[in-house]
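Visitor: how would this look folded up:
(chains A, B, C and D)
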Number of protein chains: 2
Amino acid sequence: MKDVAAAAGVSLGTVSNVLNRPDRVTASTREKVERAMADLGFIRNESARSLRSGRTRALAYVMLDAGNPFFTDVAQGIEHAAESADLSLFLCNSDSREAREATHLGHLEQQRVQGILITPVDPDTPLLDAIAQRGTPLVVVDRIRKGDQFCSVAVDDVLGGRIAVEHLIDRGHRRVAFVGGSLGVGQVADRYEGARLAWAAAGLPSDDLTLVAADSLTVASGRSAGERLAGIPSNRRPTAAVCANDLIALGLLQQATATGLRVPDDLAIVGYDDIEFAAAAAVPLTSVRQPRQELGRAAADLVLDEATNPEHRHQQVVFTPELVARASTLGTHPRVSLAD
Amino acid sequence: MKDVAAAAGVSLGTVSNVLNRPDRVTASTREKVERAMADLGFIRNESARSLRSGRTRALAYVMLDAGNPFFTDVAQGIEHAAESADLSLFLCNSDSREAREATHLGHLEQQRVQGILITPVDPDTPLLDAIAQRGTPLVVVDRIRKGDQFCSVAVDDVLGGRIAVEHLIDRGHRRVAFVGGSLGVGQVADRYEGARLAWAAAGLPSDDLTLVAADSLTVASGRSAGERLAGIPSNRRPTAAVCANDLIALGLLQQATATGLRVPDDLAIVGYDDIEFAAAAAVPLTSVRQPRQELGRAAADLVLDEATNPEHRHQQVVFTPELVARASTLGTHPRVSLAD
DNA sequence: TCGTTCGATTAAAACGTTTCAAAGGAGCGG
DNA sequence: CCGCTCCTTTGAAACGTTTTAATCGAACGA
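Guide: Sure, this is the predicted structure:
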């Protein structure tokens, strides 16, 4: 900036004014300065800027698993919000590792980002409280957290599990499997809980809603669950499966297809998340849709409110999931004959 | 830091020494200072740090489409490299929009990141040259760029197209469709070129390798291409399709399944990229695998070399793709009967 | 006892902005 | 022609570090 000032024959302060309050500067000088900036290829130094102003122009989202389209969609919602607020968005991936998450959080705090959005490995880690305490606006995404240390945005997973199972009951299923990861993950536990509630409400015997474990929420886990399911004699095998997420459902679908189980005739499948690949599966997947982009946007709005509004109050926003019924439970009626 | 110094009863410089050259400080004072830091919840200010040092501890990757698993895998490779170099990674998503890309690049230059990795919307945009010229290390990922303004890392797409088609010829296919987006995208043009080369090399009539347009590299485009393909009378319909990427292939697979075309018996399908969902499809997809993580890591290594090694020379790294054959071309032999 | 030497600590400058109070100048009315 | 006012421009301080040269003190040898 000093060089620009010299080149334009004005003072440093004037250059700053051209940048920050162009209206305070005469058209002619502004022009001179702008030309000088162009000639010199001047690029504002953001470090100096934020050092001086005490605030960066950046937001950050620490995602749990960048390989899961669900989170990239959430990120996109955040990105839009950031874009309209003219902020950069720092995307970090913890890859479900607490250590990596901690490293990222450390860096972000040092960067003094305006706010941190995070889908934490463990929503109850004291790390989050510490950050909030120290003053960085923080919003937990896709997890609920009792207490009022910070905001959170989530989807009602109990309800999601419920509507998935209700749909299957409606379609006449009386033996259903819940295929889920470890119940240690809050999400999964809630969805299972919802499933059981729906089952009980319909007055069905609780033994007929079986729990099929899967050690992680991945396609591979879904495949292995599929193997176990296929191994059950057909007169006792569940006629439908509710999966803890779409990745599992996709794996299950693949395994079912490979072993000759017809979907949905032999096994109906309901996924969870409604990621794009759910609709794109060979047998399009019925799934519980979460408003992913809205989730992101709402979280970003909250964090910005906390960052700018002194009267901010922490709140827990809960969205409502929605069932999207497709062929994996409805059947493949349109078995059109080929035009030829 | 001033507060820490006061609390510990030492000078500011000592605190800095504790942070940066702990060996120069007596154990007892170091301890005092560390306690003070803990008590006060001191967090280093990265802006000040990088202002003073003239360099940030961050790398950035501007990705073309965060929704495409291919790019998130590349990003993961970069992330690993960044992690080992103890740098933060700024992930940005241009979402294939030049304007957004430009905005991101602007921000990144202002942040003075150590290096920029990018999969650009248009590899020939002068923006990139300008950035390189101004001195920010820059590496183009997954695109080749003639000239030697900066490094690039890519995969040999002509070869990729070639091995895909060779595989189909080997399997006996004599009418093949190339389903691709606009040839304006360099990737697609190269893959098509490779396909034609293989076709010609086998001495097959060029009319029997048909080009099926798709306006974008998405699942939806694949579906619509599938409709067009299914509309062709079976005696003239291609018996196999090579797709410009896996998303298209997945859409095609879905549409084929919906209209009753059996894969691979009626239509064999080869994808491109070998994203995780290709293997996870109901009929696992044969695909041309690109070394995604390696791509990212190599790019990161190059950018770091440029940032730190004064003798750095720009180079264009080209990886070799590899065919992964699966059921979508090999057939679904394992149609196991059910244990029941 | 007095210099020396060496290690630990300190003081001060610098990084590139923003901001605020103050200075400068033009135009105007008296 | 003077004094005001109002708008533009300027100068200097401040943001929180890192770094370098300088200072201080203790231990040691002569």
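
Visitor: restrict stretch A:269-281 to CA atoms and write it as CSV.
Guide: Below are the C-alpha coordinates for stretch A:269-281, written out as CSV (Å, rounded to 0.1, in the frame of the first residue of the first chain):
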residue,chain,number,x,y,z
ILE,A,269,-35.1,-51.3,1.7
VAL,A,270,-35.4,-47.9,3.2
GLY,A,271,-32.3,-45.7,3.5
TYR,A,272,-31.6,-42.6,5.4
ASP,A,273,-30.3,-39.2,4.3
ASP,A,274,-31.5,-39.3,0.7
ILE,A,275,-28.2,-38.6,-0.8
GLU,A,276,-28.1,-38.1,-4.5
PHE,A,277,-26.9,-41.7,-5.1
ALA,A,278,-29.9,-43.0,-3.3
ALA,A,279,-32.1,-41.8,-6.1
ALA,A,280,-29.5,-42.9,-8.6
ALA,A,281,-29.3,-46.5,-7.5
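
Visitor: that stretch and chain B, any residue contact?
Guide: Yes: using Cβ under 8 Å from any Cβ of the partner chain, stretch A:269-281 reaches chain B at A:276, A:277, A:279, A:280, A:281. For glycine as for every other residue, the C-beta is placed from the backbone atoms N, C-alpha and C.

Visitor: by neighbours, which of the residues you listed wins?
Guide: residue A:281 (29 neighbours; other Cβ atoms under 10 Å in any protein chain shown).

Visitor: ok, it - contacts?
Guide: For residue A:281, the contacting residues are A:250, A:253, A:328, B:254, B:281, B:282, by Cβ atoms under 8 Å, 6 or more residues apart in numbering or on different chains.

Visitor: ok so, going back, looking at the residues of stretch A:269-281 next to chain B, which is nearest DNA strand D?
Guide: Taking Cβ to the nearest atom of the strand as the measure, DNA strand D lies nearest residue A:276 of the residues of stretch A:269-281 next to chain B, at 43.5 Å.

Visitor: who touches the spatially closest residue to that closest one that is not a sequence neighbour in this structure?
Guide: When the adjacent residues along the chain are set aside, residue A:276 lies closest to residue A:69, with 6.0 Å between them (Cβ to Cβ, 6 or more residues apart in numbering or on different chains). Applying Cβ under 8 Å, 6+ apart to residue A:69 gives the contacts A:275, A:276, A:277, B:67, B:69.

Visitor: picking that back up, got a markdown table for the residues of stretch A:269-281 next to chain B, with distance to residue B:237 too?
Guide: As requested, the residues of stretch A:269-281 next to chain B are exported to a markdown table (distance: Cβ to Cβ, whole Å):
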| residue | distance to residue B:237 |
| --- | --- |
| A:276 | 28 |
| A:277 | 27 |
| A:279 | 26 |
| A:280 | 22 |
| A:281 | 24 |
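
Visitor: from these, which land in helices?
Guide: Judged by DSSP state H, helices contain the following of those: A:276, A:277, A:279.

Visitor: if we can go back for a sec, near DNA strand D, from the contacts of residue A:281?
Guide: Among the contacts of residue A:281, no residue sits close to DNA strand D (Cβ under 7 Å from any atom of the strand).

Visitor: so which of these wins on neighbours?
Guide: Top of these by neighbour number is residue A:253, holding 31 neighbours under the definition other Cβ under 10 Å.

Visitor: find me the pLDDT at it, would you?
Guide: Note on residue A:253: pLDDT of 92.

Visitor: so what's the residue count around residue A:96?
Guide: Using other Cβ under 10 Å, residue A:96 has 16 neighbouring residues.

Visitor: what about residue A:318, is that helix, strand or coil?
Guide: Secondary structure of residue A:318, reduced to three states by DSSP: H, G, I helix; E, B strand; the rest coil: strand.

Visitor: my read: it touches residue A:144, true?
Guide: Yes: if you go by Cβ atoms under 8 Å, residue A:318 and residue A:144 touch, sitting 7.2 Å apart.

Visitor: overlap in contacts of those two?
Guide: In contact with both residue A:318 and residue A:144: residue A:154, using Cβ under 8 Å, 6+ apart.

Visitor: out of these two, which sits in the more crowded spot?
Guide: Using other Cβ under 10 Å as the criterion, residue A:318 and residue A:144 rank with residue A:144 on top: 18 against 13.

Visitor: next, count neighbours for the nearest residue to that one once chain neighbours are set aside.
Guide: In this structure, residue A:144 finds its nearest non-sequential neighbour in residue A:154, 4.6 Å apart by Cβ to Cβ, 6+ apart. Around residue A:154 there are 24 other residues, counting by other Cβ under 10 Å.

Visitor: can you mark which positions in the helix or strand harbouring residue A:154 are buried?
Guide: Using DSSP states H and E, residue A:154 maps to strand A:151-155. Going by neighbour count (16 or more other Cβ atoms under 10 Å in any protein chain shown), the buried part of strand A:151-155 is A:151, A:152, A:153, A:154, A:155.
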